[in-house]
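Peer 1: let's see this in three dimensions:
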Amino acid sequence: MTTEVQPAVITRAEYDALTAKIDRLAELAEAEHRRQQAMVELQQDVIPIVNQMIQLSIHELEEIGRDFTLEELLFLGKRVLRNVQVWIQLMDQIEGAMGLLEEGQILGKQMFSATVEKLDELERKGYFTFLRGGMYVAEQVVSEFGEEDIKALGDNIVLILKTVRNMTQPEIMALANNAVEAIRGPQTDEPAPSALALLRELNDPQVRRGLARTLNMVKALANEPAGDAISQR
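Peer 2: Prediction:
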């Protein structure tokens, strides 16, 4: 008795799944073929370059072969490997310095911008114009006074500063201002006062105080040092 073999029945879903697997295998095979082809092309491109580098290395090593040996290279490599931590610390310090440099550049840009803005503000307020005028005054002083004048100024600078300090006292400034106002007073066509009228003015306490101050100034001008200086000139 023979047994008949029934043909296998494949459903549509199984057929589609099998077809998808075959397509996937074909894609993988094609990708592997392309990869191998790329590697072959890369080898063809790299091999000449590597050969040239090897030839150059051999040539360079021949030039330094008298001063450099393989043992020295091995010794150098060992020292580098033994000091890996030192190299790491060095790299960390370099990275820190680079970061500090970048921060310094940022700060420098900010300071430069602030300086430019401040200079612009000073220019608008007229400080530079004042400095240019001061330079002109300094040039006039330098051209007018000689070396002897500068020495005399240095010898008498303390006295000059004391005089300036005394002149800038409030009472002295008020007195000078009153004197200037009196001199600049309104000019009239009235006749000059008589001697008797001037004598009657002496009854005014302010006139007497003014005359007393004037006499004190005349006495101060008549001191012996000032007289000697004037006579010498």
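Peer 1: just the helices in this protein please.
Peer 2: For the chain, applying DSSP state H gives helices covering 12-64, 70-82, 84-125, 127-144, 147-155, 157-167, 170-183, 195-201, 205-221, 224-232.
Peer 1: output the below-cut-off pLDDT ranges for the protein.
Peer 2: Low-confidence segments of the chain (pLDDT under 70): 1-9, 61-69, 185-190, 224-233.
Peer 1: just give the closest residue to F128, not the sequence neighbours.
Peer 2: Spatially, and ignoring its direct neighbours in sequence, F128 is nearest to L122 (6.5 Å; C-beta to C-beta, 6 or more residues apart in numbering). The way it works is simple: take the backbone N, C-alpha and C, and place the C-beta from them, glycine included.
Peer 1: how about TSV for the helices of the chain, with mean neighbour count added?
Peer 2: Converted to TSV, the helices of the chain look like this (neighbours: other C-beta atoms under 10 Å):
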stretch	mean neighbour count
helix 12-64	10
helix 70-82	10
helix 84-125	10
helix 127-144	10
helix 147-155	10
helix 157-167	10
helix 170-183	10
helix 195-201	10
helix 205-221	10
helix 224-232	9
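Peer 1: now L81: how far from L73?
Peer 2: Separation of L81 from L73 (C-beta to C-beta, to the nearest Å): 13 Å.
Peer 1: how far away from the center of its chain is stretch 191-207?
Peer 2: From the chain centre to the centre of stretch 191-207 is a distance of 70 Å (C-alpha atoms, centre = their mean, to the nearest Å).
Peer 1: take it, keep the C-alpha atoms, and write them as PDB.
Peer 2: Coordinates of the C-alpha atoms in stretch 191-207 are reproduced here as PDB (Å, rounded to 0.1, in the frame of the first residue of the first chain):
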ATOM      1  CA  PRO A 191      33.900 167.600  39.300                       C
ATOM      2  CA  ALA A 192      36.600 166.200  41.500                       C
ATOM      3  CA  PRO A 193      35.900 166.500  45.200                       C
ATOM      4  CA  SER A 194      37.700 169.300  47.100                       C
ATOM      5  CA  ALA A 195      40.300 168.700  49.700                       C
ATOM      6  CA  LEU A 196      37.800 169.700  52.400                       C
ATOM      7  CA  ALA A 197      35.300 167.200  51.100                       C
ATOM      8  CA  LEU A 198      37.900 164.500  51.300                       C
ATOM      9  CA  LEU A 199      38.700 165.500  54.800                       C
ATOM     10  CA  ARG A 200      35.000 165.200  55.700                       C
ATOM     11  CA  GLU A 201      35.100 161.700  54.300                       C
ATOM     12  CA  LEU A 202      37.600 160.800  57.000                       C
ATOM     13  CA  ASN A 203      34.700 161.000  59.500                       C
ATOM     14  CA  ASP A 204      33.300 157.800  57.900                       C
ATOM     15  CA  PRO A 205      34.600 154.700  59.800                       C
ATOM     16  CA  GLN A 206      34.700 152.600  56.600                       C
ATOM     17  CA  VAL A 207      36.900 155.200  54.900                       C
END
